[in-house]
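Enquirer: Just need the structure, nothing else, for what follows:
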Amino acid sequence: MTSKFGAVYIAFIIIGQLSITSIIPVAISIRDMYYRHATAGMLSSRSVMFGLLAAELPFIAVISIAFPTIFVNLVGLPIDELQADRFLRGFGVYLFFGLNTAIYSYIGQMFCFLVPGQGTAIVLANIFIGLNNAYSGFIATPALLTKNIFFAAQYWFVPGHYVYEGMVTSLFARDYTRNVTIARTSAAFSELNCVADASGSCVVSVNDYLEFYFDGMWSLDSFYFNIGILLVWSI
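Expert: Got it, this is the predicted structure:
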């Protein structure tokens, strides 16, 4: 089960990194072109904004549909959900993935227009990537990150936390139909009060394992809150 949590984490992190690193050279060239044409009175900032949106939104839409489609079909959704609930879960995965792609791309563009050179923009992008890598909640769990105010501030700040929580809970929270086998040597064995069977392991629901892994701090109750935070980041 941990490997599935890891696959979700790697998916949005890698696509985010590709989005931000690929947009920087393009944004730098657009910025330089805009300054030349604006000085000549041939181009307005509004034209550049609408041009970027027209070029980028189809890219974000395609990425947001193509990748999660494969992932959702491989992982699946809880089978005891009402059809409307299953649709909302699936839609949530697409939405969180799309917002993540958009945020990385927009942040990369912002860096390009804030600093003079491409090298500085790349440095800032790497810092942003590193913060999301470290504080999304997979490498270090939410309980560990919130023990210290320095780490907690970054955990609650980075958008990766809300993307990851939204995707993981959409896929696995309240899933009592699929099970996870817990080995006696696992830390989860004692935490979940497991009783060993003949093979020396025990079986718990996916929801129980998710609550153990993320310290009971993540749930579907934060679904709309996570979307709201990511929309603020996008704007």
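Enquirer: quick one, strands of this protein?
Expert: 179-183, 201-205 (DSSP state E).
Enquirer: low-confidence ranges in this protein?
Expert: 80-84 (pLDDT under 70).
Enquirer: tell me the residue furthest from the middle of this structure?
Expert: residue 40 (41.4 Å; Cα atoms, centre = their mean).
Enquirer: Relative to residue 95, how far out is it?
Expert: 41 Å (Cβ to Cβ, to the nearest Å). Where C-beta positions appear, they are placed from N, C-alpha and C, glycine not excepted.
Enquirer: Repeat that for residue 22.
Expert: 22 Å.
Enquirer: More neighbours: these two, which one.
Expert: Taking other Cβ atoms under 10 Å, residue 22 and residue 95 do not tie; residue 95 has more neighbours (22 against 14).
Enquirer: The more buried one: what's its closest spatial neighbour, skipping adjacent residues?
Expert: residue 227 (6.6 Å; Cβ to Cβ, 6 or more residues apart in numbering).
Enquirer: Could I get the phi/psi values of the residue farthest from the centre of the chain?
Expert: Dihedral pair for residue 40: phi -90, psi 0, per degrees, to the nearest 10.
Enquirer: As a check, name the ranges of all helices in the chain.
Expert: 2-39, 45-75, 83-114, 118-135, 142-145, 149-157, 159-172, 187-191, 206-213, 223-234 (DSSP state H).
Enquirer: would you turn these into TSV with distance to residue 181?
Expert: As requested, the helices of the chain are exported to TSV (distance: least, Cβ to Cβ, whole Å):
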stretch	distance to residue 181
helix 2-39	12
helix 45-75	17
helix 83-114	24
helix 118-135	29
helix 142-145	24
helix 149-157	30
helix 159-172	15
helix 187-191	10
helix 206-213	10
helix 223-234	28
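Enquirer: so the residue nearest to residue 95 makes contact with residue 166?
Expert: Yes - with contact defined as Cβ atoms under 8 Å, residue 227 reaches residue 166; the gap is 6.9 Å.
Enquirer: Quickly note the distance from the residue sitting nearest the centre point of the chain to residue 93.
Expert: By Cα atoms, centre = their mean, the chain has its centre lying nearest to residue 163, at 3.1 Å. According to Cβ to Cβ, residue 163 and residue 93 sit 10 Å apart.
Enquirer: and what of residue 50?
Expert: The gap separating residue 50 from residue 93 is 29 Å, by Cβ to Cβ.
Enquirer: cool, residue 105 as well?
Expert: To residue 93, residue 105 is 19 Å away according to Cβ to Cβ.
Enquirer: burial measure for the spatially closest residue to residue 194 that is not a sequence neighbour, as a count.
Expert: The spatially closest residue to residue 194, leaving aside those adjacent along the chain, is residue 202, at 3.6 Å (Cβ to Cβ, 6+ apart). The tally of other residues near residue 202 (other Cβ under 10 Å) stands at 20.
Enquirer: and what of residue 41?
Expert: By other Cβ under 10 Å, 7 other residues sit near residue 41.
Enquirer: Also residue 135?
Expert: Residue 135: 23 neighbours (other Cβ under 10 Å).
Enquirer: what does residue 43 give?
Expert: 16.
Enquirer: neighbour count winner among residue 227 and residue 166?
Expert: Taking other Cβ under 10 Å, residue 227 and residue 166 do not tie; residue 166 has more neighbours (28 against 16).
Enquirer: For residue 61, list the residues it contacts.
Expert: Each residue near residue 61 by Cβ atoms under 8 Å, 6 or more residues apart in numbering is listed here: residue 98.
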